[in-house]
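J.: Structural data only, the sequence is not supplied:
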């Protein structure tokens, strides 16, 4: 019976090391998941703070008040008023940035809609219909 003792100890040691490795792997996966959720929450808050800033709101309102009746009038105003043109381009870059983050899988389509979908519909949708008509 004593001759089997080293073999039993080896088996117990191997079992303990497998158990330890499994627990370490599990904890590592949990840590990775928490870090990912933390990064996503930070991104969410950065986007939220951006779209709720006074500057962003003023820029959006200015663009919604920008009236034109056709594509030629839009481009004429765009070329004449650098302030409104820069606001327009800034909003487009914001929308494009959201699209890039979504295409890379960093944010879900629902978040894109929540942070820009309504704005896209208002600014591009309403005014875009006028841009598409010639």
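T.: Good, I have the coordinates. Source: prediction; values computed, not measured.
J.: what's near enough to touch the most centrally placed residue in the chain?
T.: When CA atoms, centre = their mean is applied to the chain, the residue found nearest the centroid is residue 107 (3.9 Å). Contact analysis of residue 107 by CB atoms under 8 Å, 6 or more residues apart in numbering lists 40, 43, 44, 98, 101. Backbone N, C-alpha and C define where each C-beta goes, glycine included.
J.: which element is it on?
T.: For residue 107, there is no helix or strand it lies in under DSSP states H and E.
J.: before we move on, back to that, and the contacts of residue 107, which are buried?
T.: 98, 101 (16 or more other CB atoms under 10 Å).
J.: From the contacts of residue 107, which one has the minimum pLDDT?
T.: Among these, residue 98 has the lowest pLDDT, at 77.
J.: where's that residue relative to residue 57, distance?
T.: Look at residue 98 and residue 57: by CB to CB, to the nearest Å, they are 17 Å apart.
J.: one step back: among the contacts of residue 107, which one sits closest to residue 71?
T.: residue 98 (25.0 Å; CB to CB).
J.: Let me know the helix or strand that that closest one is in.
T.: Using DSSP H and E, residue 98 maps to helix 82-103.
J.: What is the distance between that helix and the centre of its chain?
T.: How far helix 82-103 lies from its chain's middle: 14 Å, per CA atoms, centre = their mean, to the nearest Å.
J.: what's the answer for stretch 70-88, then?
T.: 29 Å.
J.: Give me the angle between the longest helix anywhere in the chain and helix 82-103.
T.: Identified as the longest helix of the chain according to DSSP state H is helix 5-51. In terms of direction (axes from the mean of the first three to the mean of the last three CA atoms, to 10 degrees), helix 5-51 departs from helix 82-103 by 160 degrees.
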